[in-house]
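J.: Show me the folded form of this:
(chains A and B)
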Amino acid sequence: MTGDDDANGRDDEVRGPRRVPGPRAAADDFDLGAVPTAPGPTAPAPALSHRVLKALLGAWALAACSAEETEAVEAHLTECAACADEALRLRDAVGLLHTDRSLDLDPLLRSRVLESCLSRRPARIPVPSWAVPYDAETARLDALLRDIGSSEWHAPVRLRWFEGERQVNRKTTVAGVIGHLMTVDGLVSTALGLDDPAAGGRRGSDTAPGSELPLSPTLRTETYWSAARRPATRAVREPWRDQSHALIRTVSFAGRGAAELSVSYGDFALPLQDALLDRAFECWVHGGDIADAVDYPYEAPSAAHLHRMIDLAARLLPAALAGRRRAGLAAPARHLVRAGSPGRSLHLEIEGSGGGNWYIALDSPAALGSPDHAVAQVALDGTEFCRLVAGHVSPVDAAAGQEGDREAIRDVLFAAASLSRL
Amino acid sequence: MAKDTPPRWDRRMQQRLARGEAAALGEFYDRFASLVHSQAHRMLDDESAADLVTREVFGYVWENPDAYDPKQGSMRSWVVRLTHRQSVRRLRAAEPSPFARGEDGGEEGEQDGGEDTAARQELEERVRRATAAARADYIVASMPAPLRAALELAYIQRRDYRQTATDLGVTEDEARRRLRLGLQLLSTANTRPLEGSAPPGYGRTP
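T.: Numbering: from 1, shown residues only, chains lettered A, B, ... in the order given. Got it, this is the predicted structure:
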């Protein structure tokens, strides 16, 4: 806005409303460049002052006033050079607006761009390879969250997983899911001696970080959810993202040596490198839950990352089997071997992206899986296997090719589903 | 948590990039990639060209974090300037040969100087239009939210200013004011060149 405009406006207030000329015929064909600036003949019209008409210029340029106002403005433009000048500028400005929503960024672009950067100048402090899937998945989920509207944060999400022999579920919202991810990520923060954002409000006091919350992921989440005074909002995105960034930064500085650091989940523990892989997997699975809830597409992780996630599940299966056996949920061990020796195995063949072959020791977590001792084979697609491990499909319904010892197959598929949790 | 204010975030980020922290590069990407890509896309109107500009901009920042001078403005505005520079470079590189000949082979350029001048003027016009379009996007994205909301209602939802006022829960006076002010801000995209935008070597006037 120029000083002249203001001067005009004040002048008019003093002089009172001007008479404006009659409406022009074709408003749409109105050529501003050809507007004569000399006052036209006066004609009966609504007595809108220069000040009022000037205030209407934005709405006029956007074709957002009534027909009468449009006529009055256009008549005024023939006699007021300052307004005609501004009208022209604002009309041009409208031409710069556009309706096409900016395209969502291709999530795969991130790894391509980062790789290209790192090939031009190698990092002095790299992100450890086992933390890269977590970096990629948190970034992908964050990009989805940036694109959703405030109301979508309250969209209902039903989280599903397996307990014992059956699928259970728990209702929450998009914001609730992010709170859940943040709360369980807090286990890794706690293991690294970082502040746990879910522990909330107590930081700076002498309470040990995270000590208010139980370690079991489910209890921890329920405690966090029930402690909230009101339903979670999009405000949870920032502490969730800050924590994931802090984790990636911290493990980068800690380097290789930190890979084996133990992260406690209450009734079990994982080495840091597996814990971050587990968190990457959870982040993808819950990203998918959120995407379903708000009707967005959400792809699987890259093949390399998917392979690592499947490998983690395959490595956890023998212990999960043993746990179910102790609980009377799986058949007894058939043939125990010395620790570290090859034992009865199931050949898990994962097809498609991220796939490969794994041999799952059936009788003891201490035995080695071995192709020579395979008694059964299960073949399934990588994403289907992940759906099973996430508890999104029941072991009975999983689309799996099966061959050999039916008992072993059943036990392994149920053990895979039992890896799922809230 | 004490939130990092932009200048502080900028300084810390610059230090971390200079230190060669890959995690910082990831965070930097997460903050600016969609801005860089949408600006490049607006200028070049081509997805893969915008991908390449994005790669170039982040590559440049990662290799030259010290080139950022906080006294010249925020890191955000620096990134926008770099994106503009790369996009203009691409626009010029995509020009047909007469112009390139004029640049490279002195004598030849003299001979078909007329064509050259026309091609150059046309190119300059394209660069100017693309710059205004990208700048307008940037202005819309960074204008106060109430102004942006009013413009979106009137332009995208085709609401008149009275409906806009109702939707926003403000007076009609206020709705008119916001529409006009929003457009006034936007109109500066056409007049003010991006600072530091003129690339070297192409400034000759015939």
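J.: Spit out the contact partners of the nearest residue to B:Asp51 once chain neighbours are set aside.
T.: Of all residues not flanking B:Asp51 in the chain, A:Leu109 sits nearest, at 6.0 Å (Cβ to Cβ, 6 or more residues apart in numbering or on different chains). To be clear about C-beta, it is placed using only N, CA and C from the backbone, and glycine gets the same treatment. For A:Leu109, the contact set (Cβ atoms under 8 Å, 6 or more residues apart in numbering or on different chains) comprises B:33, B:37, B:51, B:54.
J.: Farthest-apart pair in those residues, please.
T.: Across the contacts of A:Leu109, the two members that end up farthest from each other (Cβ to Cβ) are B:Ala33 and B:Asp51, 10.5 Å apart.
J.: Tell me how far A:Arg230 lies from B:Thr131.
T.: Plainly put, A:Arg230 is 46 Å away from B:Thr131 if you go by Cβ to Cβ, to the nearest Å.
J.: Comparing the two, which residue is more hemmed in?
T.: With other Cβ atoms under 10 Å in any protein chain shown as the criterion, A:Arg230 and B:Thr131 differ in neighbour count, and B:Thr131 comes out ahead with 21 against 5.
J.: And the residue in the stretch 251-400 of chain A positioned nearest to chain B, which helix or strand is it part of?
T.: Checking the stretch 251-400 of chain A residue by residue against chain B with Cβ to the nearest Cβ singles out A:Ser252 as nearest, at 4.7 Å. Assigning secondary structure by DSSP states H and E places A:Ser252 in helix A:237-254.
J.: Using CSV, list the CA coordinates for that helix.
T.: Backbone C-alpha positions of helix A:237-254 (Å, rounded to 0.1, in the frame of the first residue of the first chain) are rendered in CSV as follows:
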residue,chain,number,x,y,z
ARG,A,237,3.9,-34.5,16.5
GLU,A,238,6.7,-32.2,17.6
PRO,A,239,7.9,-34.1,20.7
TRP,A,240,7.6,-37.4,18.8
ARG,A,241,9.7,-36.0,16.0
ASP,A,242,12.2,-34.3,18.3
GLN,A,243,12.7,-37.5,20.1
SER,A,244,13.3,-39.5,16.9
HIS,A,245,15.8,-36.9,15.7
ALA,A,246,17.5,-37.0,19.1
LEU,A,247,17.8,-40.8,19.0
ILE,A,248,19.3,-40.8,15.5
ARG,A,249,21.8,-38.1,16.4
THR,A,250,22.7,-39.9,19.6
VAL,A,251,23.3,-43.3,18.1
SER,A,252,25.4,-41.6,15.3
PHE,A,253,27.7,-40.1,17.9
ALA,A,254,27.8,-43.3,19.9
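J.: Which elements pack onto the lengthiest helix in chain B?
T.: Counting residues, the longest helix found in chain B (DSSP state H) is helix B:113-142. Contact here means 3 or more Cβ pairs under 8 Å, 6 or more residues apart in numbering or on different chains; DSSP states H and E; on that basis helix B:113-142 packs against helix B:22-44, helix B:75-93, helix B:97-104, helix B:145-155, helix B:172-191.
J.: Mind doing that once more with 10 Å?
T.: helix A:81-94, helix B:22-44, helix B:75-93, helix B:97-104, helix B:106-111, helix B:145-155, helix B:172-191 (3 or more Cβ pairs under 10 Å, 6 or more residues apart in numbering or on different chains; DSSP states H and E).
J.: Can you list the low-confidence ranges for chain A?
T.: Counting by pLDDT under 70, chain A has low-confidence residues at A:1-46, A:100-103, A:200-212.
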